[in-house]
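# structure of the sequence below:
(one chain, ligands or ions: 1)
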Amino acid sequence: MSGPGRGGRHGGQGGAGKGGGDKGGGPKTGRGQVGATRGGPGGGPGGGSGRGLKIKAGTVKGRSASSTRWLRRQHADPYVAEAKAQGYRSRAAFKLAQMDERFGLLKRGARVVDLGAAPGGWTQVAVERCGRSARVVALDLIEMAPIEGAVLLTGDFREAEVRARVAAALDGPASLVLSDMAAPATGHADTDHLRVMALAEAAFDFAGEVLGPGGAFVVKVLHGGTEPALLNRLKLAFAKLRHVKPPASRADSAEMYLVATGFRDRPKAGGGPGGGPGGGT
Ligand SMILES: C[S@@+](CC[C@H](N)C(=O)[O-])C[C@H]1O[C@@H](n2cnc3c(N)ncnc32)[C@H](O)[C@@H]1O
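Sure, this is the predicted structure:
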């Protein structure tokens, strides 16, 4: 296995998105090392695009201090180099690959929804691992360049019409709903937190509508106050719930993922499982 997709390189385009990442360390997955020949944790990137690049301290003319910091971090990050080397559109690809290797989420022939998919790293991994018979439907506010084997939709998930388009494109009950959605950071921690959690709750409501029995749900959340309410609803709706910080998620980020598996079948009449999802947004 050489990468998040268990092999294959990609004709990826676009860079690693600014919102895509977390923690340094090396491109490791749960069961095996991704791109072992290119260096790993502690060793730094042994190859890839980061080699030899130096970003000077201080700001570059016309560039803000925060974007200079971001650029410096990108160049020092082995996951960024590895994603580029393997043709993945974002370093975030490794997060999904690592969670899949731990929990076996991406099954051949699965019906997968990928919410907040741009630039497309998770979608690439889902398509590769689920195979040609799978259906992968990806949505983002931002238009994405085509990914062979995936249906790409553009729109705001908060709009009912957009959610209806995603559900229609699935063409049957989903086996996996992924949400890596993150609203652009405002710099105000409370506001950012509320926004991410609102998207997570909306994704959960949607998962409750489209998942088939036994399905799984993966959602990005942040540490903080409103989380327990969502956790309680998830516990009722799924047989198993875990908090996960994949190695590729940056340690200095509050980001983590909830991985819920074993979706309980909806009751025949009215409401979601145990008063869980199904109520819409
Ligand atoms: C961290 S990035 C996702 C990275 C992606 N998983 C990958 O592997 O490349 C978060 C994405 O969520 C999207 N997003 C945020 N709010 C959204 C919304 N309301 N509807 C659809 N997409 C949204 C953003 O446009 C952004 O592209």
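# how about the helices in this structure?
Secondary structure of the chain (DSSP state H): helices at 65-76, 78-86, 93-103, 121-130, 160-170, 189-210, 227-237.
# other SSEs contacting the third one?
Other elements packing on helix 93-103 under the criterion 3 or more CB pairs under 8 Å, 6 or more residues apart in numbering; DSSP states H and E are helix 78-86, helix 121-130, strand 211-222, strand 238-244, strand 255-263. In short, each C-beta sits where N, CA and C put it, glycine included.
# partner strands of the shortest one and their direction?
Strand 238-244 sits in its sheet next to strand 255-263 (antiparallel), going by DSSP bridges.
# what are the contacting residues of the partner strand?
Contact with strand 255-263 is made by 22, 95, 99, 103, 105, 182, 200, 207, 211-223, 230-231, 234, 237-246, 249, 273, as judged by CB atoms under 8 Å, 6 or more residues apart in numbering.
# give me the mean pLDDT for it.
For strand 255-263, the mean per-residue pLDDT is 96.
# what does stretch 110-123 give?
Mean per-residue pLDDT for stretch 110-123: 98.
# before we move on, what about stretch 194-212?
Regarding stretch 194-212, the rounded mean pLDDT is 95.
# so which bits of that stretch are buried?
Across stretch 194-212, burial judged by 16 or more other CB atoms under 10 Å covers 194-197, 199-211.
# then stretch 209-225?
Under 16+ other CB under 10 Å, the buried positions of stretch 209-225 are Glu209, Val210, Leu211, Gly215, Ala216, Phe217, Val218, Val219, Lys220, Val221, Leu222.
# residues contacting the second one?
Neighbouring residues of Val210 by CB under 8 Å, 6+ apart: Val113, Val166, Ala167, Leu170, Pro173, Ala174, Val177.
# hmm, which two among those are most spread apart?
Spanning the widest gap among these are Val166 and Pro173, at 13.2 Å by CB to CB.
# which of the two has more neighbours?
Taking neighbours as other CB atoms under 10 Å, Val166 and Pro173 compare with Val166 leading, 22 against 15.
# excluding its backbone neighbours, what's nearest the more buried one?
Leaving aside its sequence neighbours, Val166 sits nearest to Leu139 (CB to CB, 6 or more residues apart in numbering; 5.4 Å).
# for the ligand, see how far away the one you found is.
Note on Leu139: its distance to the ligand, by CB to the nearest ligand atom, to the nearest Å, is 6 Å.
# isn't that residue right next to Leu115, touching?
Yes - using CB atoms under 8 Å, Leu139 is in contact with Leu115, at 5.5 Å.
# let me know the closest of the buried residues of stretch 209-225 to the ligand.
Nearest to the ligand, judged by CB to the nearest ligand atom, of the buried residues of stretch 209-225 is Lys220 at 7.3 Å.
# confidence score at the closest one?
For Lys220, the model assigns a pLDDT of 94.
# from the ligand, how far off is the residue lying closest to it once chain neighbours are set aside?
Spatial nearest neighbour of Lys220, excluding adjacent residues (CB to CB, 6+ apart): Asp180 at 5.2 Å. Asp180 sits 3 Å away from the ligand, going by CB to the nearest ligand atom.
# ok, Asp180 - contacts?
Ala92, Lys95, Leu96, Asp114, Leu115, Gly116, Ala117, Trp122, Lys220.
# quick check: nearest residue in space to Leu231, chain neighbours excluded?
Once flanking residues are discounted, Leu231 sits nearest to Leu241: 7.1 Å by CB to CB, 6+ apart.
# just checking, the one you found touches Leu234?
Yes - if you go by CB under 8 Å, Leu241 and Leu234 touch, sitting 5.2 Å apart.
# is it possible to get JSON lines of the helices and strands packed on helix 93-103 that adds distance to the ligand?
As requested, these are exported to JSON lines (distance: least, CB to the nearest ligand atom, whole Å):
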{"stretch": "helix 78-86", "distance to the ligand": "9"}
{"stretch": "helix 121-130", "distance to the ligand": "3"}
{"stretch": "strand 211-222", "distance to the ligand": "7"}
{"stretch": "strand 238-244", "distance to the ligand": "15"}
{"stretch": "strand 255-263", "distance to the ligand": "9"}
